[in-house]
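[1] sequence plus the predicted model coming up.
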Amino acid sequence: MKVLIVNTSDLEGGAARASYRLHKALLVEGVDSQMLVQSKASDDFTVTGLISFIQKALSIVRPVLEALPVLAYKKRSQTLFSPSWLPFSQLVNRINAINPDAVHLHWINNGMMSMGDIANIKAPIIWSLHDMWAFTGGCHYDEECGAYVNSCGSCKVLGSSKGYDLSRYLFKRKFANYSKHKNLTIVGLSRWLASCAERSRLFKKNKVVCLPNAIDTSIYLPLEKTVARELLRLPLDKKLILFGAMAATSDPRKGYKELCEALDLLNSDDIELVVFGSSAPKVPGSFNFKIHYLGQLYDDATLRALYSAADVMVVPSIQENLSNAIMESLACATPVVAFDVGGNGDMIVHKENGYLAKSFDTTDLAEGIEWILNAPNYEQLSANARNKVLREFDSRVVAKRYIELYESVLDK
């Protein structure tokens, strides 16, 4: 079986890391897997990036041109909106030249593919959704709008009051192009996103399944806490709260504001906060305890040490699909506190391996942090965290489920 995994990057970003992990897991299981990306960061020969100078130049220009229609909306929010309207992508020709048995799409934005490319891919398509973009009029998260159920328009993310706006136009383009491909299977990485896809107008006639991301539990595994802290030069005598994501402190969806509100409610005598994904801001927060800013971290060894060093991981996102940070933390036996939103409940079992706070309730978020830090059965919580990942998200377990899906699609 020859599978082609397509993603904007192989290492940069959560979707990139998730799709690359699946690619490597499929290779271990004997699948002829290749990966095609716009921006290649690894030296892996099984990953193909852009080759010619012209292709590389276009990969720089296309994201700029893609964003132009959005600039007309001066009241837009900070949520990412991707038009994917440019018609001159050559990627579909490369995909068809490779001639795979199945094409597995992941995150294909930032100028990588146009909507028309979907219709022109010859092989069956499996599309893993890392956010809501595939079934909206262009937003990656809908800010609880729900307009994708019908046809978008009056877009909340664009700050638009017009029924026929950019989101409605792009929604109609997607509808026209998706319907042309006769073998398109949708994968919601979480039960929440799979449910959203099933209710959407664009995918309600497609097969939608729920399959998670994979994680290599031989890489992400517990490291003795004292050793981890010494490696990262973190204090040995404090309780450490970990928070991190891409653009951790600047993306409102990541919940840094909600985290700050919760932390203000904590007894802070023996607590310190560790933040990764962002460097120290010019104006530091007015917390009563010390904050360690570690900046961007990419390598698995450092991340493993970081998760192991923490006493609790907090993921206060207000919309979330299937968080890599939650999965990685649990794999390293560190319990997680998060709001009960999106796919968080797929990984966190309340008071068994973490704490699911009431949605957007920062008081409950603070109570969850304190509950974990002071839990008399903390060691059991940690063991439960690791075991949950071993059972349901280990790369070999997940890869086999994807192979079954590929086979069923090819049979169709």
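    Nice, thanks for sending it over. Numbering: from 1, shown residues only.

[2] now do stretch 259-272: everything it contacts.
    Stretch 259-272 is contacted from outside by 234-235, 237-241, 243, 273, 285, 287-292, 314, 316, 362-363, 365-366, 369-370, 373, using Cβ atoms under 8 Å, 6 or more residues apart in numbering. C-beta here means a position set from N, CA and C on the backbone, and glycine is covered the same way.

[3] residue with max distance from the center of the protein?
    Going by Cα atoms, centre = their mean, the residue of the chain most distant from its centre is D269, 34.0 Å out.

[4] distance of it relative to K290?
    For D269, the distance to K290 (Cβ to Cβ, to the nearest Å) stands at 12 Å.

[5] could you tell me which of the contacts of stretch 259-272 belong to strands?
    Within those, residues falling in strands by DSSP state E are 239-241, 243, 273, 291-292, 314.

[6] okay, V28: pLDDT?
    Listed pLDDT for V28 reads 96.

[7] give me the number of residues near P376?
    By other Cβ atoms under 10 Å, the residues close to P376 number 6.

[8] I misspoke; the intended subject was N99.
    Neighbour count of N99, defined by other Cβ under 10 Å: 10.

[9] shaky segments in the stretch 101-250 of the chain?
    245-250 (pLDDT under 70).

[10] how far away is M112 from L129?
    15 Å.

[11] show me which residues of whatever helix or strand R17 lives in are buried.
    Element membership of R17 [criterion: DSSP states H and E] is helix 14-28. Buried residues in helix 14-28, counted by 16 or more other Cβ atoms under 10 Å: 14-27.

[12] what helices or strands is the helix or strand following it leaning on?
    Next in sequence after helix 14-28, counting helices and strands by DSSP H and E, comes strand 32-39. Counting contacts by 3 or more Cβ pairs under 8 Å, 6 or more residues apart in numbering; DSSP states H and E, strand 32-39 packs against strand 2-9, helix 14-28, strand 47-48, helix 91-98.

[13] one more time with 10 Å, if that's ok
    strand 2-9, helix 14-28, strand 47-48, helix 53-67, helix 91-98, strand 102-105 (3 or more Cβ pairs under 10 Å, 6 or more residues apart in numbering; DSSP states H and E).

[14] closest to K257 out of the ones you listed?
    helix 14-28 (20.6 Å; Cβ to Cβ).

[15] so what's the gap between that closest one and the chain middle?
    With Cα atoms, centre = their mean, to the nearest Å as the basis, helix 14-28 stands 13 Å off its chain's centre.

[16] that one packs against which elements?
    Against helix 14-28 (3+ Cβ pairs under 10 Å, 6+ apart) you get strand 2-9, strand 32-39, strand 102-105, strand 125-129, helix 300-309, helix 324-331, helix 395-411.

[17] what angle do that helix and helix 324-331 make?
    50 degrees (axes from the mean of the first three to the mean of the last three Cα atoms, to 10 degrees).

[18] care to break this structure down by domain?
    The chain resolves into domains spanning 2-214+394-411, 225-392 when parsed by automatic domain parsing.

[19] so how far is the shortest one from its chain's centroid?
    This means domain 225-392. That offset, for domain 225-392, works out to 16 Å (Cα atoms, centre = their mean).

[20] can you start the count at 10 instead of 1 from here on
    Yep, numbering from 10; the last one is domain 234-401 now.

[21] and stretch 83-103, what's buried?
    85-86, 88-95, 98, 100-101, 103.

[22] brain fart, stretch 362-376
    Of the residues in stretch 362-376, 362-366, 371, 373-376 count as buried by neighbour count, 16+ other Cβ under 10 Å.

[23] make JSON lines out of those and add pLDDT and distance to G172.
    Formatted as JSON lines, these follow (pLDDT from 0 to 100; distance: Cβ to Cβ, whole Å):
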{"residue": "N362", "pLDDT": "98", "distance to G172": "45"}
{"residue": "G363", "pLDDT": "98", "distance to G172": "42"}
{"residue": "Y364", "pLDDT": "98", "distance to G172": "42"}
{"residue": "L365", "pLDDT": "98", "distance to G172": "37"}
{"residue": "A366", "pLDDT": "97", "distance to G172": "37"}
{"residue": "T371", "pLDDT": "96", "distance to G172": "36"}
{"residue": "D373", "pLDDT": "97", "distance to G172": "38"}
{"residue": "L374", "pLDDT": "97", "distance to G172": "37"}
{"residue": "A375", "pLDDT": "96", "distance to G172": "42"}
{"residue": "E376", "pLDDT": "97", "distance to G172": "43"}
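
[24] so which of these sit within helices?
    Among those, DSSP state H puts 371, 373-376 in helices.

[25] in JSON lines: those, plus distance to A237.
    Listed next are these as JSON lines, based on distance: Cβ to Cβ, whole Å:
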{"residue": "T371", "distance to A237": "28"}
{"residue": "D373", "distance to A237": "29"}
{"residue": "L374", "distance to A237": "25"}
{"residue": "A375", "distance to A237": "25"}
{"residue": "E376", "distance to A237": "27"}
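
[26] max pairwise distance over the residues you listed: which two?
    T371 and E376 (9.8 Å).

[27] about what we covered before: could you check the angle helix 309-318 makes with the helix holding R26?
    110 degrees.

[28] dump helix 23-37 to CSV, restricted to CA.
    Extracted in CSV, the C-alpha atoms of helix 23-37 (Å, rounded to 0.1, in the frame of the first residue of the first chain):
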residue,chain,number,x,y,z
GLY,A,23,1.3,21.0,15.9
ALA,A,24,-0.2,19.5,12.8
ALA,A,25,3.2,19.0,11.2
ARG,A,26,4.5,17.1,14.2
ALA,A,27,1.3,15.0,14.4
SER,A,28,1.3,14.1,10.7
TYR,A,29,5.1,13.3,10.7
ARG,A,30,4.6,11.0,13.7
LEU,A,31,1.9,9.1,11.8
HIS,A,32,4.1,8.9,8.8
LYS,A,33,7.0,7.4,10.8
ALA,A,34,4.5,5.0,12.6
LEU,A,35,3.2,3.8,9.2
LEU,A,36,6.7,3.1,8.0
VAL,A,37,7.3,0.9,11.1
